[in-house]
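In: Okay, here's the prediction I keep looking at, along with the sequence it came from:
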Amino acid sequence: MEALKPYLETNKERFLEELLELLRIPSISADSKYNGDVRKAAEFVAEKLKAAGADKVEVCETAGHPIVYGEKILDPSKPTVLVYGHYDVQPPDPLDLWHSPPFEPVIKKTEEHPEGAIYARGACDDKGQMYMHIKAFEMMMQHNRLDCNVKFMLEGEEEVGSNNLGTFVTQNKERLQADVVLISDTSMIGNDTPSLETGLRGLAYMEVEVQGPNRDLHSGVYGGAVANPATILAQMIASMHDENNHITIPGFYDDVLNVTDEERAEMAKATFDLNHYKKDLGVTEVWGEKGYSSLERTSIRPTLEVNGIWSGYIGEGAKTVLPAKANARISMRLVPNQNSVKIADLFKAHFESIAPPYVKVKVSSHHGGEPVVTPTDSIPFKAAVKAIEATYGKSPIPTRGGGSIPIVALFEKELGLKSILMGFGLDSDNLHSPNEKYGLFNYYKGIETIPYFYQYLAELSNGSAH
Ligand code: BES
Ligand code: MN
Ligand code: MN
């Protein structure tokens, strides 16, 4: 794949310009005001896929945002790679914390990204990472070096739970037949410490409402005599972690597959600079479940987080009020073998059981997803390791990721396919945060590495039934 390098060098500028164009489209899947832009992004991606040489390119309609499909089938005896990515992005809020507008990408150099980083919503998650696959495909097509069959399935609803992709996968099992799924939507430890994720956490996302009196009340006239639902909600939430920061929901840990001491010792070898971590985040101390390291807390252990909490008056100035209601969105990250439906049920039963008689509570479930682990002894995993070795000159450290891509478990269940999580982002790239960025180093390194994956997958599969 050394032969592709000059093409990458010659086309660097254009590869970047095209990504910037895609980043200018505000394809925010959560907000229906942007439905037209989400479609525009889908059409852009479809057009580029076609231009790169894909056949049967289609913008597939769903009950929600469209799915872009395209393929290149060269030889049925070769392995087939199903590339998955998403062209939708998270809402950019809070807008005032961005140093430049989220949909007007700019390139700036930083200590972490001395070669420059693209600042824009979706730069890393996942437009930048997804687009690397289209450019890598273009390079392989141009040089007649596509060593595997490839199918692209790029969706516009990942950030809102991939509900319609589930239906699409179930209805298109034949069309999506492949040997492995390849995804770049995760992170590496650092640009000089390549890593490969071997798992993702699952997710159970809940919403709760605590209702006190039947209307907002004057806090002087009634305060102190009627329970304030905001206080009650705060107490209920606080009680869900004990003094060791274990989650107190009965049965919550029952199905957790404990990681062996050997595996933990292996994980502990990954470089982790706690001081840098704290400094980067502006915290004086880290927090978490007793008995586990920060890395373990964000990978092999389940967690419970408040994602949003609201009640009372939060407009300009001050208003004395005893609110009638308090609400929160609470998510739990899950690890093998927890099940999102079971955990959602346990949460609901527990939350209802701890509600004091002064309030009424309602609990509902948003989206969920199951945790996954990927085998590290498979041919595709070995191909990914070799690909990274070829371009980074170092072996990737296997790590378990903290984030979730709920559809990955479904690929396994519906298509019988394992996924390779070959992400090139960094955890510090501000995903879902203001000032999201993606290093130019990472973008080009990804484009350079992907063709090696195809090459080694073909080579290592040769002779073995793939
Ligand atoms: N790409 C992320 C997931 C991710 C990020 C995995 C970093 C590993 C490392 C994905 O787009 C995402 O944000 N997923 C959501 C879940 C989804 C249902 C909204 C998440 O993890 O919160
Ligand atoms: Mn993503
Ligand atoms: Mn995301």
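Out: Looks like it arrived, so ask away. Ligands and ions are numbered 1, 2, ... in the order given.
In: Going by C-alpha atoms from here, please, whenever you check contacts or count neighbours.
Out: Will do.
In: Just say helix, strand or coil for Y7.
Out: helix (DSSP: H, G, I helix; E, B strand; the rest coil).
In: Contact partners for the spatially closest residue to N442 that is not a sequence neighbour?
Out: Sequence neighbours aside, F424 is the residue nearest to N442 in space, at 5.8 Å (criterion: C-alpha to C-alpha, 6 or more residues apart in numbering). Neighbouring residues of F424 by C-alpha atoms under 8 Å, 6 or more residues apart in numbering: 129, 184-188, 442-443, 445-446.
In: can you list the residues of this protein near ligand 2?
Out: 125-126, 185 (C-alpha under 5 Å from the ion).
In: burial count for Y358?
Out: A total of 14 residues lie near Y358 under the criterion other C-alpha atoms under 10 Å.
In: Now do the same for it: helix, strand or coil?
Out: coil.
In: Need the CA coordinates for stretch 447-464. PDB is fine.
Out: Provided in PDB are the C-alpha atoms of stretch 447-464 (Å, rounded to 0.1, in the frame of the first residue of the first chain):
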ATOM      1  CA  ILE A 447      -6.800   7.400   5.200                       C
ATOM      2  CA  GLU A 448      -3.400   5.800   5.000                       C
ATOM      3  CA  THR A 449      -4.100   3.000   7.400                       C
ATOM      4  CA  ILE A 450      -7.500   1.700   6.000                       C
ATOM      5  CA  PRO A 451      -6.100   0.300   2.800                       C
ATOM      6  CA  TYR A 452      -3.600  -1.800   4.700                       C
ATOM      7  CA  PHE A 453      -6.600  -3.300   6.600                       C
ATOM      8  CA  TYR A 454      -8.100  -4.500   3.300                       C
ATOM      9  CA  GLN A 455      -4.700  -5.800   2.100                       C
ATOM     10  CA  TYR A 456      -4.000  -7.800   5.300                       C
ATOM     11  CA  LEU A 457      -7.600  -9.000   5.600                       C
ATOM     12  CA  ALA A 458      -7.300 -10.400   2.000                       C
ATOM     13  CA  GLU A 459      -3.800 -11.900   2.700                       C
ATOM     14  CA  LEU A 460      -4.700 -13.500   6.000                       C
ATOM     15  CA  SER A 461      -8.000 -14.800   4.800                       C
ATOM     16  CA  ASN A 462      -6.400 -16.400   1.800                       C
ATOM     17  CA  GLY A 463      -6.800 -20.100   2.100                       C
ATOM     18  CA  SER A 464      -9.000 -19.900   5.200                       C
END
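In: tell me which residues in it are buried?
Out: Neighbour counts over stretch 447-464 (16 or more other C-alpha atoms under 10 Å) mark 447-459, 461 as buried.
In: try stretch 367-387
Out: Applying 16+ other C-alpha under 10 Å to stretch 367-387 flags 367-374, 379-387 as buried.
In: first vs last residue of it, how far apart are they?
Out: 35 Å (C-alpha to C-alpha, to the nearest Å).
In: can that stretch be found next to ligand 1?
Out: No - using C-alpha under 6 Å from any ligand atom, stretch 367-387 stays clear of ligand 1, coming no nearer than 6.8 Å.
In: so how far is that stretch from its chain's centroid?
Out: From the chain centre to the centre of stretch 367-387 is a distance of 15 Å (C-alpha atoms, centre = their mean, to the nearest Å).
In: tell me the mean pLDDT over it?
Out: Taken as a whole, stretch 367-387 has an average pLDDT of 95.
In: what do you get for stretch 38-58?
Out: Averaging pLDDT along stretch 38-58 gives 98.
In: Neighbour-wise, which one of the residues of the chain next to ligand 2 leads?
Out: With neighbours set by other C-alpha under 10 Å, the maximum within the residues of the chain next to ligand 2 is found at D125, which has 29 neighbours.
In: is it true that that residue touches G85?
Out: No - the pair D125 / G85 is not scored as a contact, 9.4 Å apart, by C-alpha atoms under 8 Å.
In: Overlap of the contact sets of these two?
Out: Common neighbours of D125 and G85 (C-alpha under 8 Å, 6+ apart) are D185.
In: Sort out which residues of stretch 43-60 are buried, please.
Out: 43-50, 52-54, 57-59.
In: now do stretch 33-44
Out: Buried positions in stretch 33-44, judged by neighbour count with 16+ other C-alpha under 10 Å: 35, 37-44.
In: Same list (the contacts of F424) but as a markdown table, adding secondary structure and pLDDT.
Out: As requested, the contacts of F424 are exported to a markdown table (DSSP: H, G, I helix; E, B strand; the rest coil; pLDDT from 0 to 100):
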| residue | secondary structure | pLDDT |
| --- | --- | --- |
| Q129 | helix | 98 |
| S184 | coil | 98 |
| D185 | coil | 98 |
| T186 | coil | 97 |
| S187 | strand | 96 |
| M188 | strand | 95 |
| N442 | helix | 98 |
| Y443 | helix | 98 |
| K445 | helix | 98 |
| G446 | helix | 98 |
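In: Kind regards, and thank you for your time.
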